[in-house]
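Undergrad: coords please:
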Amino acid sequence: MDLTKLSIGDKVMAGSGIALFIFSFFPWYKVDFGGPFGGGTVTQSGWHFFFTGIIPTLLALALVGYVVVTKVLDGIELPELPVAWPLVVLGTAGLAALLVIIRLLAGGDDGGTGVLDRSFGIFLAVLGAIGLAVGAFLKFQEDGGELPTKGGTSSGSSGGPASPF
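TA: Just a heads-up that it's a prediction; the model follows:
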């Protein structure tokens, strides 16, 4: 296990993915049911929200697994895909970040009471998700950073006249 093989993008992506996983257990929202006779506080973590909490956390863990498989473990090769792996990683991290940001903007379920407050966990999770996307972008640039072009070739020179379409 040689950690010197990790690039800056790998380190940022793995660290942010682990951070997002940890922050998914923190309280993202809280509802205070205060009243004259006490009441209480109910909190909701990232695991209370499927598409905007659980899915981004699992995507982050998958990207941490990708870093481990490609950089830390020796002799493992990933299968060929129609799209390059750096682009898949970038898209996955971007989706995870987008879903967590949507959860921050959309709020939680307060049961119609109107007393829902965002808690510190959602802000930390957003930072972790943004770090995940930044790490994936750095990795994308380190690996060449080339987006696919129309027609499947990246050189753009076919030898014939240029088509307007």
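Undergrad: and residue 66, what is it in contact with?
TA: Taking CB atoms under 8 Å, 6 or more residues apart in numbering as the criterion, residue 66 is in contact with residue 89. Where C-beta positions appear, they are placed from N, C-alpha and C, glycine not excepted.
Undergrad: and residue 63, how far is that from residue 108?
TA: Summarising the geometry, the distance separating residue 63 from residue 108, computed by CB to CB, to the nearest Å, is 25 Å.
Undergrad: higher neighbour count, those two?
TA: A count of neighbours by other CB atoms under 10 Å puts residue 63 above the other of residue 63 and residue 108, at 25 against 21.
Undergrad: which residues touch the nearest residue to the more buried one once chain neighbours are set aside?
TA: Sequence neighbours aside, residue 17 is the residue nearest to residue 63 in space, at 5.1 Å (criterion: CB to CB, 6 or more residues apart in numbering). Under the criterion of CB under 8 Å, 6+ apart, the contact partners of residue 17 comprise 60, 61, 63, 64, 67, 128, 132, 135.
Undergrad: host element of residue 17?
TA: Residue 17 is located in helix 8-23, with elements delineated by DSSP states H and E.
Undergrad: and that helix, which residues are buried?
TA: Buried residues in helix 8-23, defined by neighbour count with 16 or more other CB atoms under 10 Å: 9-17, 19-21, 23.
Undergrad: mind giving me the packing neighbours of the very next helix or strand once past it?
TA: Toward the C-terminal end, the helix or strand that comes next after helix 8-23 (DSSP H and E) is strand 27-32. Using 3 or more CB pairs under 8 Å, 6 or more residues apart in numbering; DSSP states H and E as the contact criterion, the elements in contact with strand 27-32 are strand 41-45, strand 116-118, helix 120-142.
Undergrad: just give me the neighbour total for residue 68.
TA: Neighbour number of residue 68 under other CB under 10 Å is 15.
Undergrad: can you classify it by secondary structure?
TA: Look at residue 68: counting by DSSP: H, G, I helix; E, B strand; the rest coil, its state is helix.
Undergrad: got a list of what it touches?
TA: If a contact means CB under 8 Å, 6+ apart, then residue 68 has residue 14 as its contacts.
Undergrad: how far away is it from residue 144?
TA: The gap separating residue 68 from residue 144 is 22 Å, by CB to CB.
Undergrad: kindly report the same for residue 104.
TA: Taken as CB to CB, the spacing of residue 104 relative to residue 144 amounts to 32 Å.
Undergrad: what of residue 33?
TA: Residue 33 sits 54 Å away from residue 144 when distances are taken as CB to CB.
Undergrad: tell me which of the two has more neighbours.
TA: Set side by side, residue 33 and residue 144 give different neighbour counts by other CB under 10 Å, the larger being at residue 33 (12 against 9).
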